[in-house]
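[1] quick check, what structure comes out for this input:
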Amino acid sequence: MPTTLLDIGQSVVNELALPSLGSIVGNSNVTARQILALANRSGDEIYQAHPWIVSQAQHIVEIGSPITTTGDVTSGSGTISNIPSTAGIVAGSWAVSGNQLQQSTRVVEVVDATTIEVDMYATETLVGADLIFAQDTYNVPPEFKWFANRTMWDRTNHWELIGPMSPQADQWERSGIVTIGPRRRWRQIGVEPTNWRLWPPPTATGEYPATMVFEYNSKYWAADALGIRKEKFTADTDYPVIDAQAIILAVKWRLWAAKGFEYGAMQAESNDYVARLMARDGGAADLTLGIPRGENYLLGPQNIQDGNFPGPGNP
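    This is a model prediction of the structure:
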């Protein structure tokens, strides 16, 4: 059975020789209210202190095919009209390209079924201009907190995505003369949930649909009685998915500190316990001072001869 919030609260008051509590959530008792607040504070801070294995998750992003269509553009205007249909296009999440548009033009408003507004003016006037709309910005999961480094992959092309791009490098790509390469870039931008952006936009119809993937750490460190993950304790039957003893130790020193008592020894015990949990979470690989064996799966100095490559008779 998991250690519930009520179990945590009872352990805290018993270890500190405080009056027992029959409930935590909804209890008007000052100590019960403090334990609830400090348990949520402790759980949040402990889970953010380390990328715990139990908080790691994977997110699949299906990149749909771009929309190839036409529309009327006017020099010096950000309005594109007479589009056969704007269905599926979402402001803030889609880019648009065309010979009469500046590079990295994006949709800022879907006015109606045939008209959109973009963030930059057209460079020419043309009726029936060829346009390609492509979604370049995607939602992260509701429980997302931070990205796991170097887990972003294009599974369709078997390429690791390059990134995260800094604002400077992103603008160099979007605004400079050389704007694309053989590899796709990514960047975290704006506010959640729509804040995972690709560059260049997936406008090549022959390459899509495609599948992207990344891993992340969840902010849902608690769960309810049915096992549904959540962001904090809201019921006595809720339990932490991270170590419950770590929360008990953290609540003890924070409660003592809040009451103005000496808490240094309890804080040290709590920090030491969490440090031990971190050290063994997920295991650890062997470290070597030499050249790792079996890890260079691409060409490198370990598997290319110094001369006569690819065989005798060659310089």
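[2] straight-line length of stretch 44-56, end to end?
    15 Å (CA to CA, to the nearest Å).
[3] buried stuff in it?
    Neighbour counts using 16 or more other CB atoms under 10 Å place 46-47, 50-52, 54-55 of stretch 44-56 among the buried residues. Backbone N, C-alpha and C define where each C-beta goes, glycine included.
[4] narrow those residues to those in helices?
    46-47 (DSSP state H).
[5] looking at the buried residues of stretch 44-56, which is nearest E124?
    Set against E124, the nearest of the buried residues of stretch 44-56 by CB to CB is P51 (49.9 Å).
[6] tell me if I'm right that that closest one and A148 touch.
    Yes - between P51 and A148 a contact is recorded at 6.7 Å, counting by CB atoms under 8 Å.
[7] mutual contacts of the two, please.
    Common neighbours of P51 and A148, using CB atoms under 8 Å, 6 or more residues apart in numbering, are N217.
[8] on that earlier part again, got the buried residues of stretch 44-56 as a markdown table, with pLDDT and distance to V108 columns?
    Converted to a markdown table, those look like this (pLDDT from 0 to 100; distance: CB to CB, whole Å):
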| residue | pLDDT | distance to V108 |
| --- | --- | --- |
| I46 | 96 | 41 |
| Y47 | 94 | 36 |
| H50 | 94 | 39 |
| P51 | 93 | 36 |
| W52 | 94 | 39 |
| V54 | 93 | 40 |
| S55 | 93 | 35 |
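[9] just give me the closest of the buried residues of stretch 44-56 to E173.
    Nearest member of the buried residues of stretch 44-56 to E173, counting by CB to CB, is P51, at 28.6 Å.
[10] against V274, how distant is that closest one?
    Distance from P51 to V274, counting by CB to CB, to the nearest Å: 14 Å.
[11] now the end-to-end length of stretch 129-142.
    Where stretch 129-142 begins and where it ends lie 38 Å apart, using CA to CA.
[12] go through that stretch and flag the buried ones.
    Buried residues in stretch 129-142, counting neighbours by 16+ other CB under 10 Å, are found at 129, 131-138, 140.
[13] tabulate these (CSV), appending pLDDT, secondary structure and distance to T105.
    Converted to CSV, the buried residues of stretch 129-142 look like this (pLDDT from 0 to 100; DSSP: H, G, I helix; E, B strand; the rest coil; distance: CB to CB, whole Å):
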residue, pLDDT, secondary structure, distance to T105
A129, 96, strand, 12
L131, 96, strand, 10
I132, 95, strand, 11
F133, 96, strand, 10
A134, 95, strand, 11
Q135, 95, strand, 14
D136, 93, coil, 11
T137, 95, strand, 14
Y138, 95, strand, 19
V140, 94, coil, 24
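[14] would you turn these into JSON lines with distance to W221?
    Below are the buried residues of stretch 129-142 laid out as JSON lines (distance: CB to CB, whole Å):
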{"residue": "A129", "distance to W221": "51"}
{"residue": "L131", "distance to W221": "45"}
{"residue": "I132", "distance to W221": "42"}
{"residue": "F133", "distance to W221": "39"}
{"residue": "A134", "distance to W221": "36"}
{"residue": "Q135", "distance to W221": "31"}
{"residue": "D136", "distance to W221": "32"}
{"residue": "T137", "distance to W221": "28"}
{"residue": "Y138", "distance to W221": "25"}
{"residue": "V140", "distance to W221": "17"}
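[15] now for the residues you listed, which pair is the farthest apart?
    With CB to CB as the measure, no two of those lie farther apart than A129 and V140, at 33.6 Å.
[16] and the protein, what are its domain boundaries?
    As given by automatic domain parsing, the domain ranges for the chain are 5-52+242-280, 56-219.
[17] start to end distance for the longest one?
    Which is domain 56-219. The first and final residues of domain 56-219 sit 10 Å from each other (CA to CA).
[18] ok, now which ones touch A87?
    A113.
[19] give me the three-state assignment for it.
    coil (DSSP: H, G, I helix; E, B strand; the rest coil).
[20] give me phi/psi at it?
    phi -60, psi 130 (degrees, to the nearest 10).
[21] same deal with R174?
    Recorded main-chain torsions at R174 are phi -80, psi -30, according to degrees, to the nearest 10.
[22] what pLDDT does N157 get?
    Turning to N157, the model gives it a pLDDT of 86.
[23] can you pull out the low-pLDDT segments for the chain?
    178-181, 205, 290-315 (pLDDT under 70).
[24] let's go with 90 and repeat that
    For the chain, applying pLDDT under 90 flags the ranges 1-2, 157, 159, 163, 172-184, 190-194, 200-210, 282-315.
[25] show me where the stretch 51-200 of the chain has strands.
    56-63, 67-73, 79-81, 94-97, 107-110, 116-118, 126-135, 137-139, 144-147, 153-154, 159-160, 185-188, 194-199 (DSSP state E, counting those that start in this stretch).
[26] paired strands for the fifth one, with orientation please.
    Sheet pairing of strand 107-110 (DSSP bridges) gives strand 116-118 (antiparallel).
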